[in-house]
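[1] Predicted structure and sequence below. I'll ask about it afterward.
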Amino acid sequence: MSETLRVDKWLWYARFARTRSSAAKLVTEARFRVNGQPTEKAHHPVRAGDVLTFALGPHIRVIKVVALAERRGGAPEARLLYEDLEPPQPRPSGGATPAVATREEGAGRPTKRERRAIDRLQGEE
C-alpha cells in the first residue's frame with residue numbers, strides 16, 4: 001500500500017460518498033480543507049494523520065485520517081479508516097420532531113382542518 005491516496009478515493013473507501021464521482025464532486029464543489037488548507041482538487045494526496053474538514057449534509061465534518069485503504073469494504077471496515085473529531089449532534093430523542101409550520105391560532109391562512117370547520121359552520125358541506 002502506498003503512503004498517500006487520492007482524497008476522492010479515500011472518501012469513497014471511507015463511505016462518505018456513495019460513488020467515486022460523487023466523492024470527487026464533493027471535493028471540487030464543496031469547501032474542502034486538508035489540514036486547514038483549502039483544496040478543490042480531487043487528486044489531492046492524503047496521508048494517515050491528515051485532518052479533513054468538509055460539509056456533508058447539514059453538518060460540518062472534521063475527520064482525522066487514521067489509515068489508508070486498498071479497497072472499499074463494508075461499513076465496519078470503513079469506520080476504522082478515520083476518527084471523527086467533531087461527531088454530528090444527536091437528534092432529539094423520544095421521537096418528537098420539532099414543529100416546522102407553527103403559527104398562532106387564527107393568524108394567516110386557515111389550515112385544511114379549520115377550513116372544513118368553517119365550511120360546516122356555513123352549511124356548505
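    Good, I have the coordinates. This is a predicted model, so every value here is computed, not measured.
[2] Residue 72 is in contact with residue 12, isn't it?
    Yes: contact status for residue 72 versus residue 12: in contact at 6.1 Å, counting by CB atoms under 8 Å. Quick note: C-beta positions are derived from backbone N, CA and C, even for glycine.
[3] Residue 35: what's it in contact with?
    50, 51 (CB atoms under 8 Å, 6 or more residues apart in numbering).
[4] and it, what are its phi and psi?
    Residue 35 has phi and psi values of phi 50, psi 40 when expressed as degrees, to the nearest 10.
[5] any idea how far it is from residue 75?
    Distance from residue 35 to residue 75, counting by CB to CB, to the nearest Å: 26 Å.
[6] Helix or strand: which one has residue 3?
    Applying DSSP states H and E as the criterion places residue 3 outside every helix and strand.
[7] ok, back up a step: give me the more crowded residue out of residue 72 and residue 12.
    The neighbour count for residue 72 versus residue 12, taken as other CB atoms under 10 Å, is higher for residue 12 (22 against 13).
[8] tell me the mean pLDDT for the strand or helix carrying residue 26?
    In this assignment (DSSP H and E), residue 26 forms part of helix 20-29. Averaged across helix 20-29, the pLDDT comes to 92.
[9] and what of stretch 110-125?
    pLDDT averaged over stretch 110-125 gives 86.
[10] and if you look at stretch 76-96?
    78.
[11] Residue 118 is in contact with residue 110, correct?
    Yes: with contact defined as CB under 8 Å, residue 110 reaches residue 118; the gap is 6.5 Å.
[12] List the contacts of residue 55.
    With CB under 8 Å, 6+ apart, residue 55 has these contacts: 30, 31, 61.
[13] hang on, the earlier thing: elements contacting the helix holding residue 26?
    helix 7-13, strand 51-56 (3 or more CB pairs under 8 Å, 6 or more residues apart in numbering; DSSP states H and E).
[14] 7 Å - rerun?
    helix 7-13 (3 or more CB pairs under 7 Å, 6 or more residues apart in numbering; DSSP states H and E).
[15] helix/strand/coil for residue 16?
    coil (DSSP: H, G, I helix; E, B strand; the rest coil).
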